[in-house]
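S.K.: coordinates only, sequence not included:
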Ligand code: SF4
């Protein structure tokens with residue numbers, strides 16, 4: 001990476017980390033995927049029950065493979081051959097896991113996590129249930145403000161996920177949401193019925209936590225996920 005760009009990114013990462021800590025979320029920085037995997041590995045205890053949210057980042061960092069090593073009681077929602085009702089059961093069990101691993105749609109420099117979810121098992125676990133949540137995110141998820149986080153989801157994360165999941169939505173074809181900005185009338189939502197097959201069902205802003213030992217955020221100095 002260009003040294004000047006790297007310096008700017010570090011300033012933004014530091015600002016986001018300080019704000020997350022002020023919001024009672026433990027923040028870490030690692031330079032790359034390899035270090036993210038190593039850090040996560042030191043944070044997990046053998047035999048603990050682990051659930052995951054749908055995440056490209058977990059796959060790109062090798063964390064999914066680590067969870068399949070046999071050292072943990074991994075509730076693998078992606079296990080081959082699972083029927084839809086079995087996947088549903090795994091997702092429900094994951095809400096009571098010891099540790100839930102996920103990425104996030106955005107991290108603001110003001111110390112918030114912003115997530116928009118279709119099934120909503122991911123945001124449910126972030127809110128309550130698992131004893132601990134570890135969030136892993138590339139630096140590309142950092143945005144200045146909550147408004148920028150909303151725009152990031154509408155113009156990047158949701159369209160890319162709709163392509164990945166083949167959702168037949170407006171954004172899958174056009175590359176951005178029907179309402180691609182955060183406006184005064186609808187904020188992060190759409191008028192009723194505007195997107196029939198939406199994956200933007202529930203929007204969650206994670207702010208200051210009551211428990212300082214529950215949410216851990218690992219920011220990686222590489223672009224990961226979307
Ligand atoms: S509301 Fe619909 S069109 Fe807009 S980003 Fe979400 S899925 Fe795409």
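M.R.: Structure's in. What do you need? Because the structure is predicted, anything quoted here is derived from the model rather than measured.

S.K.: use CA for all of it now, contacts and neighbours both
M.R.: OK.

S.K.: residues making contact with the longest helix along the chain?
M.R.: When secondary structure is assigned using DSSP state H, the longest helix within the chain turns out to be helix 3-22. Helix 3-22 is contacted by residues 26-29, 107-112, 139, 142, 208, 219 when judged by Cα atoms under 8 Å, 6 or more residues apart in numbering.

S.K.: can you rerun that using 7 Å?
M.R.: The list of residues contacting helix 3-22 from outside it, by Cα atoms under 7 Å, 6 or more residues apart in numbering, reads 26-27, 108-112.

S.K.: in it, what's buried?
M.R.: Buried residues in helix 3-22, defined by neighbour count with 16 or more other Cα atoms under 10 Å: 9, 12-22.

S.K.: with the contacts of helix 3-22 in mind, which one is nearest to residue 159?
M.R.: For residue 159, the nearest member of the contacts of helix 3-22 is residue 108. The distance, counting by Cα to Cα, is 20.0 Å.

S.K.: How many neighbouring residues does the closest one have?
M.R.: 24 (other Cα atoms under 10 Å).

S.K.: these two touch, right, it and residue 146?
M.R.: Yes - when contacts are counted by Cα atoms under 7 Å, residue 108 is listed as touching residue 146 (6.2 Å).

S.K.: Report pLDDT for residue 66.
M.R.: Looking at residue 66, its pLDDT stands at 98.

S.K.: May I ask you to confirm that it belongs to a helix?
M.R.: Yes - according to DSSP: H, G, I helix; E, B strand; the rest coil, residue 66 belongs to a helix.

S.K.: list the contacts for residue 157?
M.R.: Residues touching residue 157, when contacts are defined by Cα under 7 Å, 6+ apart, comprise 105, 226.

S.K.: I meant residue 58, not that one.
M.R.: residue 64.

S.K.: Give me the subset of the contacts of helix 3-22 lying in strands.
M.R.: Here DSSP state E is the test, and those give 26-27, 108 as lying in strands.

S.K.: sec struct for the closest residue to residue 166 other than its chain neighbours, please.
M.R.: Distances taken as Cα to Cα, 6 or more residues apart in numbering place residue 172 nearest to residue 166, at 7.6 Å, with adjacent residues excluded. Applying three-state DSSP to residue 172 yields a three-state assignment of helix.

S.K.: Verify the stated contact: residue 172 with residue 165.
M.R.: No - when contacts are counted by Cα under 7 Å, residue 172 is not listed as touching residue 165 (9.5 Å).

S.K.: By neighbour count, which bits of stretch 125-136 are buried? Give me those.
M.R.: Residues of stretch 125-136 classed as buried by neighbour count (16+ other Cα under 10 Å): 125-127, 129-130, 132-136.

S.K.: mind checking how far that stretch is from the chain centre?
M.R.: Distance of stretch 125-136 from the chain centroid (Cα atoms, centre = their mean, to the nearest Å) equals 11 Å.

S.K.: Stretch 117-131 near the ligand anywhere?
M.R.: No - judged by Cα under 6 Å from any ligand atom, stretch 117-131 and the ligand are separated, with a smallest distance of 8.7 Å.

S.K.: And the contacts of that stretch?
M.R.: Outside stretch 117-131, the residues that touch it by Cα under 7 Å, 6+ apart are 53, 91, 95-100, 115, 133, 199-204, 214.
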